[in-house]
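> Below is the sequence, then the predicted model.
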Amino acid sequence: MDALPFQPLVRQSNCSIGQLTPETGTLLAYLSSRFNYLDAEEWREQLLAGNLLRNGHPATADELLCPGDQLQFQPRFLPEPAVSWDIVILHEDQDSLVVVKPGNLPCHPAGRFFNHTLWAWLKQFLHLPEVHFCQRLDRETSGLVIVAKTAAAAAQISRALHSCGAVKEYLVIVHGAFPDEEYCRGWLYPDRDSAVRKKRVFSSREPCEVPGHCESASTYFRRLAGGASSSLLLARLETGRTHQIRATLHSLGYPVAGDKLYGLDEQFFLRQAQGQLTGADYARLRFPRQALHATRIVFARPGREPEEYHSPLPADLQLF
């Protein structure tokens, strides 16, 4: 594991087995398909090391699972991908703090990422007993993140961020010559044509074939600079949906530069998952990460003056 700027936390994951299918197979097969941040051989090594318990006892690869089984995974050592620790604290008070997250750092633990997260840094480097993200950014998105120190403060700030007077703005670089202005109001829903389950698509019309899976989404875009091949935009969110900016721009025909999933070709995302991105791929992407930055947040908590925070476009996204 890369050197950490803090004492590492011990990773422990718990899982309760629900309904099984005939295709579930052995414990090794289940782990490899359900938790694919490790491949079959890596899971076999963890099992041989005794790092996975089934109902409190060391498990073996060929065991068959039963509904209600309890799995506990506590690896002694699990390498994590390299990240950036260039975190800047803009503001801190007794209830919250505002930080600028770099473009290669997850907020929450997920998959291989555990200690290499903003959450772990806040817990171990700043020694926060509780960490509540009031809005989250994707791993490759940089910019402003508001962190509450208690659940009560998180609820208060979240309400303020969803009030009509709140402002959430992003800077984003896209492929192509974007119009001067564009207001996009429509719907986000799963992309049935994608090989990636989490990918979404934007449409101005609500699709009738995916009831319950649609979310309304509204975004205002303004072109700040650019030429024929690329544009720098200001994006102001009226709603806050997962992948809202990226999916909307992709559906408009102006994909975000550096975006492996919503960019020029989702094959970049699939190759990245396999560690197979090439130099030619990065040349087409234009940036090693998605060119999206949370630049400005304005909100007002009850009994306080309005708060405004700003973060300029970082050096790794300077193009214009």
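Sure thing, it's come through.
> For the rest of this, base every contact and every neighbour count on C-alpha atoms.
Will do.
> Run through who's touching the longest helix along the chain.
Determined from DSSP state H, the single longest helix within the chain is helix 151-161. The contact list for helix 151-161 (C-alpha atoms under 8 Å, 6 or more residues apart in numbering) reads 95-96, 132-135, 147-148, 166-167, 298-301.
> Let's see that with 6 Å instead.
134, 148, 299, 300, 301 (C-alpha atoms under 6 Å, 6 or more residues apart in numbering).
> now whichever helix or strand comes after it against helix 151-161, angle please.
Next along the chain after helix 151-161, taking DSSP states H and E as the criterion, comes strand 167-175. Strand 167-175 and helix 151-161 are oriented at 70 degrees to each other (axes from the mean of the first three to the mean of the last three C-alpha atoms, to 10 degrees).
> that older thread, derive a PyMOL selection command for the buried subset of the contacts of helix 151-161.
Buried subset of the contacts of helix 151-161, written as a PyMOL selection, criterion 16 or more other C-alpha atoms under 10 Å:
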select buried, resi 134+148+299+300+301
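> I'd like the contacts of helix 151-161 laid out as CSV, including secondary structure.
Converted to CSV, the contacts of helix 151-161 look like this (DSSP: H, G, I helix; E, B strand; the rest coil):
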residue, secondary structure
134, coil
148, strand
299, strand
300, coil
301, coil
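> Spatially nearest residue to the spatially most central residue of the chain, not counting backbone neighbours?
With distances taken as C-alpha atoms, centre = their mean, the chain has residue 138 as the residue nearest its mean C-alpha position (2.6 Å). Closest residue in space to residue 138, ignoring its immediate chain neighbours: residue 106 at 6.6 Å, by C-alpha to C-alpha, 6 or more residues apart in numbering.
> thinking the one you found is in contact with residue 140, fair?
No - applying C-alpha atoms under 6 Å as the test, residue 106 and residue 140 come out as separate, 7.6 Å apart.
> quick one, which of these two is more surrounded?
residue 106 (26 against 19; other C-alpha atoms under 10 Å).
> give me the number of residues near residue 169?
The number of residues packed near residue 169 is 21, by other C-alpha under 10 Å.
> Look through this structure and tell me its longest strand.
Counting residues, the longest strand found in the chain (DSSP state E) is strand 215-226.
> so after that one, what's the next helix or strand?
strand 230-237.
> Need the CA coordinates for that next one. CSV is fine.
The C-alpha coordinates for strand 230-237 follow below in CSV (Å, rounded to 0.1, in the frame of the first residue of the first chain):
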residue,chain,number,x,y,z
SER,A,230,-13.8,21.8,-27.1
SER,A,231,-15.7,24.1,-24.8
LEU,A,232,-15.4,25.2,-21.2
LEU,A,233,-18.9,25.4,-19.6
LEU,A,234,-20.5,26.6,-16.4
ALA,A,235,-23.1,24.1,-15.3
ARG,A,236,-25.7,25.1,-12.7
LEU,A,237,-27.7,22.3,-11.1
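> how far off strand 215-226 does it point, in degrees?
140 degrees.
> Give me the helices and strands touching strand 230-237, please.
Applying 3 or more C-alpha pairs under 6 Å, 6 or more residues apart in numbering; DSSP states H and E, one finds that strand 230-237 makes contact with strand 167-175, strand 215-226.
> what number of residues lie near residue 266?
Neighbour number of residue 266 under other C-alpha under 10 Å is 17.
> what about the stretch 101-250 of the chain, any weak spots by pLDDT?
208-212 (pLDDT under 70).
> Can you tell me the element residue 146 falls in?
strand 142-148.
> if we can go back for a sec, out of the contacts of helix 151-161, flag the one nearest to residue 213.
Residue 213 lies nearest to residue 134 out of the contacts of helix 151-161, by C-alpha to C-alpha, at 23.3 Å.
> Enumerate every residue touching that closest one.
146, 147, 154, 158.
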